[in-house]
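Participant: Structure, please.
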Amino acid sequence: MASKLQPDQSNDLLCVRKGDEYCGYRREYLSQNLSKMEERFVACKRCSGIMREASLCKGETTCLACSDTPKQPNPVKDVQDSIATLDVKCPLLRDCDWKGELSEAESHLKDCLSFLIVCKECKQIFPRRDEEEHEDNYCPVRFIDCVHCYKHGKAE
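Facilitator: Prediction:
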């Protein structure tokens with residue numbers, strides 16, 4: 001009954017936004033502080049985020065979205081591999097204690113029980129962990145059997 005995660009919803013939590021595009025990953029979800037060497041290796045020189053789709057442009061390593069030539073990406077595989085293995089925490093820190101590699105963060109959000117979802121029927125918003133309870137007990141548009149006439153119909 002609840003709608004599934006939209007791609008931009010997880011990106012809004014994980015990434016720095018530049019106009020209509022997503023640039024680097026937000027630093028606040030890193031599990032540890034970066035050393036100066038790591039910082040130079042994985043941080044975008046333009047948006048200051050952790051590079052997302054690292055690209056080499058005019059001798060400078062940046063996010064693909066921050067590159068001067070985004071139409072012609074020049075991926076830097078070793079940088080992307082290092083970034084993918086950075087330890088991060090779930091962006092929903094207050095309600096979720098998941099930790100893992102950055103490469104796993106987007107897929108975690110698709111299953112994270114703390115992620116807010118919208119009921120397709122009534123448009124109420126609630127954490128994914130409450131989806132079944134909402135559908136069974138609280139959604140005003142759920143189907144129930146009337147205790148008086150025994151007809152099957154909407155709860156509202």
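
Participant: Tell me where this structure has strands.
Facilitator: Remark: strands assigned in the chain by DSSP state E are 15-18, 21-25, 54-57, 60-63, 87-89, 99-101, 116-118, 125-127, 143-145, 152-154.

Participant: Can you name every helix or strand that the first one contacts?
Facilitator: Contacts defined by 3 or more C-beta pairs under 8 Å, 6 or more residues apart in numbering; DSSP states H and E place strand 15-18 against strand 21-25. To be clear about C-beta, it is placed using only N, CA and C from the backbone, and glycine gets the same treatment.

Participant: likewise the third one?
Facilitator: For strand 54-57, the packing partners by 3+ C-beta pairs under 8 Å, 6+ apart come out as strand 60-63, helix 77-84.

Participant: Mind putting these into TSV with mean neighbour count and distance to residue 144?
Facilitator: Formatted as TSV, the helices and strands packed on strand 54-57 follow (neighbours: other C-beta atoms under 10 Å; distance: least, C-beta to C-beta, whole Å):
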stretch	mean neighbour count	distance to residue 144
strand 60-63	21	50
helix 77-84	14	47
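
Participant: For this structure, give me the ranges with low pLDDT.
Facilitator: 1-11, 69-75, 152-153, 155-156 (pLDDT under 70).

Participant: Neighbours of the nearest residue to residue 126 once chain neighbours are set aside, how many?
Facilitator: Leaving aside its sequence neighbours, residue 126 sits nearest to residue 134 (C-beta to C-beta, 6 or more residues apart in numbering; 5.6 Å). Residue 134: 19 surrounding residues under other C-beta atoms under 10 Å.

Participant: I'd say residue 134 and residue 118 touch.
Facilitator: No. Residue 134 lies out of contact with residue 118 (C-beta atoms under 8 Å); the separation is 10.7 Å.

Participant: sorry, back to before: pipe the helices and strands packed on strand 54-57 into JSON lines and attach distance to residue 13 per row.
Facilitator: Converted to JSON lines, the helices and strands packed on strand 54-57 look like this (distance: least, C-beta to C-beta, whole Å):
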{"stretch": "strand 60-63", "distance to residue 13": "17"}
{"stretch": "helix 77-84", "distance to residue 13": "17"}
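
Participant: closest to residue 80 out of the strands of the chain?
Facilitator: With C-beta to C-beta, the closest approach to residue 80 among those belongs to strand 54-57: 5.0 Å.

Participant: List the buried residues in the closest one.
Facilitator: 54, 55, 57 (16 or more other C-beta atoms under 10 Å).
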